[in-house]
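1. got a predicted structure plus its sequence, pasted below:
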Amino acid sequence: MSAPCNVVVLISGSGSNLQALIDDLRAGDTPARIQAVISNRADAYGLERARAAGIPAEVLDHKAFDGREAFDAALIERIDGYRPDLVVLAGFMRILTPTFVRHYQGRLLNIHPSLLPRYKGLHTHQRALEAGDAEHGCSVHFVTEELDGGPLVVQAVIPVQADDTPESLAKRVHVQEHRIYPLAVRWFAARRLQLGERGAMLDGQPLPATGHLIRT
Ligand SMILES: Nc1nc2c(c(=O)[nH]1)N[C@@H](CN(C=O)c1ccc(C(=O)N[C@@H](CCC(=O)O)C(=O)O)cc1)CN2
Ligand SMILES: NCC(=O)N[C@@H]1O[C@H](COP(=O)([O-])[O-])[C@@H](O)[C@H]1O
């Protein structure tokens, strides 16, 4: 059995993706262990989720630092205390500096609520509805310096319904997020997923530009 994959999860809010990871890894058949959860916001409900699961939960308030570089340097020091093999952004709402990204290059994942490269940034559901898209979804990608521009690992595609609102769309996207993020973490923990020179690789083969596509 391969050595356990130490995971540190960064959050800013509710932590439903964190909960999906906790629940999936609780099954115990994956060599991954969430060693800590760190939030930049003290009011993140995800901290309660971590504590309820017996996982160390910490707050590092970005407002307590003089700029992004100082915050990211402190965040690196706090994360590295857990000797992570993988850092997972799960609703972490801070843009990370090149210093941070380079430090965790190839072992830093994010989940984004759109079919990247469409709708990088924020307010993705609203933007998809305003554009009249027939399909929407979510993406797991390796994090690079380019915001939401990193190589795609896996995407889930859902149909947009005529009566969808940003809230109803977000709810159906969340369901898919809770499927694909645990899948990506399992692949990484099993040493099946790597970031190669030309993008994401699964089982030694390049993934397509869309990543592994799941149509619901
Ligand atoms: N260098 C990178 N940093 C981050 C990435 C990335 O791909 N590269 N992904 C984001 C996650 N994210 C979307 O998936 C995202 C998070 C936050 C923002 C943003 O504009 N944040 C503002 C503050 C917003 C707030 O506090 O509510 C900011 O940092 O000024 C955009 C996209 C995580 N980081
Ligand atoms: N750009 C980053 C972004 O918007 N991320 C999104 O924040 C939500 C966090 O939910 P959670 O806290 O319940 O996991 C998720 O929908 C995630 O895709």
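-> Now that the structure is in, tell me what you want to look at. Numbering: from 1, shown residues only. Ligands and ions are numbered 1, 2, ... in the order given.

2. measure Q205 to G199 for me?
-> Taking Cβ to Cβ, to the nearest Å as the measure, Q205 falls 11 Å from G199. (C-beta placed from N, C-alpha, C; glycine too.)

3. cool, I76 as well?
-> 25 Å.

4. number of residues surrounding R78?
-> By the criterion of other Cβ atoms under 10 Å, R78 has 14 neighbours.

5. please report phi then psi for S14.
-> Note on S14: backbone dihedrals following degrees, to the nearest 10 are phi -60, psi -40.

6. looking at Q205 and G199, which one has more neighbours?
-> Neighbour totals were compared for Q205 and G199, and G199 leads with 16 against 8 (other Cβ under 10 Å).

7. tell me the pLDDT of that one.
-> Here, the pLDDT recorded for G199 equals 95.

8. tell me where this structure has helices.
-> Counting by DSSP state H, the chain has helices at residues 16-26, 45-52, 68-80, 98-103, 124-131, 166-189.

9. buried ones in the fourth one?
-> Counting neighbours by 16 or more other Cβ atoms under 10 Å, one finds that the buried residues in helix 98-103 are 100-101, 103.

10. so where's this structure shaky on pLDDT?
-> 1-2 (pLDDT under 70).

11. for the nearest residue to Q194 once chain neighbours are set aside, give me its contacts.
-> In space, Q194 comes closest to M201 once its chain neighbours are excluded; the distance is 4.9 Å by Cβ to Cβ, 6 or more residues apart in numbering. M201 makes contact with 193-195, 207, according to Cβ atoms under 8 Å, 6 or more residues apart in numbering.

12. need the residues you listed in JSON lines (columns: distance to ligand 2 and neighbour count).
-> Below are the contacts of M201 laid out as JSON lines (distance: Cβ to the nearest ligand atom, whole Å; neighbours: other Cβ atoms under 10 Å):
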{"residue": "L193", "distance to ligand 2": "19", "neighbour count": "24"}
{"residue": "Q194", "distance to ligand 2": "23", "neighbour count": "15"}
{"residue": "L195", "distance to ligand 2": "19", "neighbour count": "21"}
{"residue": "L207", "distance to ligand 2": "20", "neighbour count": "19"}
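
13. once you drop chain neighbours, what's closest to A32?
-> The nearest residue in space to A32 (Cβ to Cβ, 6+ apart) is A189, at 3.6 Å.

14. ok, the one you found - how many residues close by?
-> A189 is flanked by 22 other residues according to other Cβ under 10 Å.
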